[in-house]
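S.K.: sequence and computational prediction follow.
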Amino acid sequence: MSEALNVPTMADYVAKGEVPEILFWVGCLGSFDDRAKKVTKAIVKILNYANVKFAVLGTEESCNGDPAKRAGNEFLFQMQAMGNIAVMNGYNVKKIVTGCPHCFNTLKNEYPSLGGNYEVVHHTQLLQDLLNSGRIKIEGGSFKGKKITFHDPCYLGRGNGVYEAPREVMVNLDAELAEMKRSKANGLCCGAGGAQMFKEAEKGNKEINIERTEEALALNPDVIAVGCPFCNTMMTDGVKHFNKEKTVKVLDVAELIAQANDL
Amino acid sequence: MIGILIFILLFGGGSAFFLFNAGKVRRNILLGRDIDRKDRPAERFKVMTLVALGQKKMFAKPIPAILHLFLYAAFVITQIELIEIVVDGTLGDHRIFRPSLGGFYTFMISFIEILSVLAFIGTVAFLARRNLLKVPRLVKSELNGWPKLDANFILLAEITLICFIFMMNGADEVLYSKGLSHAQNLGDNSLGFSISSHLGPLLFGGMSEHALHTIERIGWWGHLIMVLGFLNYLPYSKHFHVLLAFPNVFYSNLNPLGQFTNLESVTNEVKAMMDPSFTPPPANPDQPMRFGAKEVTDLSWKQLLDAYSCTECGRCTAACPANITGKLLSPRKIMMSTRDRLEEVGKNIDANGTFKDDGKALLGSYITPEELWACTSCNACTEACPINIDPLSIITDMRRFIVMEESAAPAELNGMFANIENNGAPWQFPQADRLNWKNE
């Protein structure tokens, strides 16, 4: 294992009298879900490697409210939002990177009218910036020649028009990027959005993640790349459903970059 | 003289009845809640130019886009010929603009004729796609009955209209070449239109003068009656789309698709709860205090305009992950149900003066919770709609009603809500453990 992760909190910065460049909003899956925690660590490794002065809220972070809002509980959403905004405005937060497109969308689009005005980027956009500015470099590495297909998260792609950042980041891997027929604006949902993650699907003839995984597997990829912890769960389950977990990996874009650099 | 009288009665009556019904549609749309969609006019004109006029989103599917473009162009351009029909009809003249416009007149009518042929091809292809090829999104169950009939009826009317145009111009061509047309003779021996100058002699060449005049008149009157009939059919049909598509795109949601509205009424409540010194602004007495939507009148006028603008093409439903995997949800059906219920509410108001409770509501009587809870909020439907209709906002507003007014969310979701409320995450993990991953 690599050396211990350096994960300062906003409170640590205040104690030192310093201000971080950016707040890393980890999110609930990123904090608690075993699979998503690995992505969180990959993001941290990259931030450490690139010497980005970042901080997390740690125990002061709370759910951004997305699942409540999509499920129709506007009341609970706004309670969460106003609580989080109070904390972040207290720290005078200016810029945020999220590890999840749902947190990204909510913080970026739905917090401003409630008093939370921040520059919010998704982690693939930050990775793109770090690559473009030369703060991280990718030296070929383990994905050279591998076939990768990217599954667009709805709240990153259609929801906010971010289609190129994850793809431009992955171009640096020297891998073959194969597109599914339903990609970018036509991308098919993994099935977890709109609070579906937290309930059984309604009656139908197929699970959405099976439909989507089938489409991805038809390309015979080595890796199904994702940019969302919800998609990660759904696609991982889908790959297991087809007993392909030995040959097809489901990896977040951040993990691809971290692994390519042996971080 | 009698002809002129009949014309004026027909045209005046047809127009008046249309305006009467269109006024009812407008009244129905304005039953919706207020929403500001008049901001950023420059951006709105740009979106309307690209998406409505330019058909930008249609071209995601090139084949139907080109076929639709034929009909759309023919529909718009043919209206120019209608101007002459109205003037001729009122003055008892025939081809009044031809002597003065000369070559330009020949060009315009020729252009209209070419578009009419293309529209004919498009219409036949559309009939085939619906009835022979059975394109999946055009034969889904929510179209059974009236919607399917409505679609075919309009296409057949389109074909009839085009036939009338060629009867009119074709027979007139033959008459003109014989010096028998009522059009002023300009010393040439052909009207010179691109299609009918060939088609006319081919179809009607050997006919008697009487027969030719009859065919020409049937074409002329038929054209007029079809146009007036079509116009008056629109308010009863999904084809109101041809009139509302442009304003509907103009009033589009210009925010990122992922951004949902923040309910202001909720904001006031939450602020009052968190800050005792906050005094919420007085409630608007015109709008009942209700969170979310149970009834069409709880929706915004834009959501109701969406419902009247929908032409039931089903691109939304074909892209919907829930529908693809066999769930009950169809975004198109959400729009159809909204319109059906709004029509019913409108008729109720017509009959009773004001709305009289009929024991029904959009939620329950038309749209079931099972449909609403199948949505993943992925925005595939809004992205797919060629005229920026937003079924997702209706689904969300109805979920809001179910959750905040009825507390009737699925049990698992209530569990999720409780977790967020108690420990700031949708699962039962304590907030104090949020940074534990760092050391694992």
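M.R.: Good, I have the coordinates.
S.K.: how is the chain divided into domains?
M.R.: Just going to use chain A. A:10-129, A:138-260 (automatic domain parsing).
S.K.: could you do chain B instead?
M.R.: B:2-30+B:61-250, B:264-409.
S.K.: and these: which comes nearest residue A:28?
M.R.: Among the domains of chain B, the nearest to residue A:28 by C-beta to C-beta is domain B:264-409 (17.3 Å). Backbone N, C-alpha and C define where each C-beta goes, glycine included.
S.K.: how far off centre is that closest one?
M.R.: 18 Å (C-alpha atoms, centre = their mean, to the nearest Å).
S.K.: stretch A:153-164 now?
M.R.: With C-alpha atoms, centre = their mean, you get 12 Å for stretch A:153-164.
S.K.: and for it, what's in contact with it?
M.R.: Stretch A:153-164 has contacts (C-beta atoms under 8 Å, 6 or more residues apart in numbering or on different chains) with A:101-102, A:104-105, A:108-109, A:122, A:124-125, A:152, A:166, A:184-185, A:187, A:189-190, A:193, A:226-228, A:230-231, B:256-259, B:376-380, B:382-383.
S.K.: in ChimeraX, how would I select just the buried ones from those?
M.R.: Buried residues among those (16 or more other C-beta atoms under 10 Å in any protein chain shown), as a ChimeraX selection:
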select /A:101,102,104,105,108,109,122,124,125,152,166,185,187,189,190,193,226,227,228,230,231 /B:256,257,258,259,376,377,378,379,380,382,383
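S.K.: now the closest residue to chain B within the stretch 51-200 of chain A. Nearest residue, chain neighbours left out?
M.R.: Going by C-beta to the nearest C-beta, chain B is nearest to residue A:159 of the stretch 51-200 of chain A, at 2.6 Å. Of all residues not flanking residue A:159 in the chain, residue B:258 sits nearest, at 2.6 Å (C-beta to C-beta, 6 or more residues apart in numbering or on different chains).
S.K.: can you pull the contacts of the one you found?
M.R.: Counting by C-beta under 8 Å, 6+ apart, the residues that residue B:258 touches are A:105, A:109, A:154, A:155, A:158, A:159, A:160, B:379.
S.K.: now, the residues you listed that are in helices?
M.R.: Taking DSSP state H, the ones among the contacts of residue B:258 that sit in helices are residue A:105.
S.K.: can you put the contacts of residue B:258 in TSV and add distance to residue B:156 and pLDDT?
M.R.: Output for the contacts of residue B:258, formatted as TSV (distance: C-beta to C-beta, whole Å; pLDDT from 0 to 100):
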residue	distance to residue B:156	pLDDT
A:105	46	98
A:109	46	98
A:154	40	98
A:155	44	98
A:158	37	98
A:159	41	98
A:160	44	98
B:379	36	98
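S.K.: closest to residue B:41 among the contacts of residue B:258?
M.R.: Ranked by distance to residue B:41 (C-beta to C-beta), the contacts of residue B:258 are led by residue A:109 at 22.1 Å.
S.K.: specify the local secondary structure of the residue in the stretch 151-300 of chain B that chain A sits nearest to.
M.R.: Across the stretch 151-300 of chain B, no residue is closer to chain A than residue B:258, which sits at 2.6 Å (C-beta to the nearest C-beta). Under DSSP: H, G, I helix; E, B strand; the rest coil, residue B:258 falls in the coil class.
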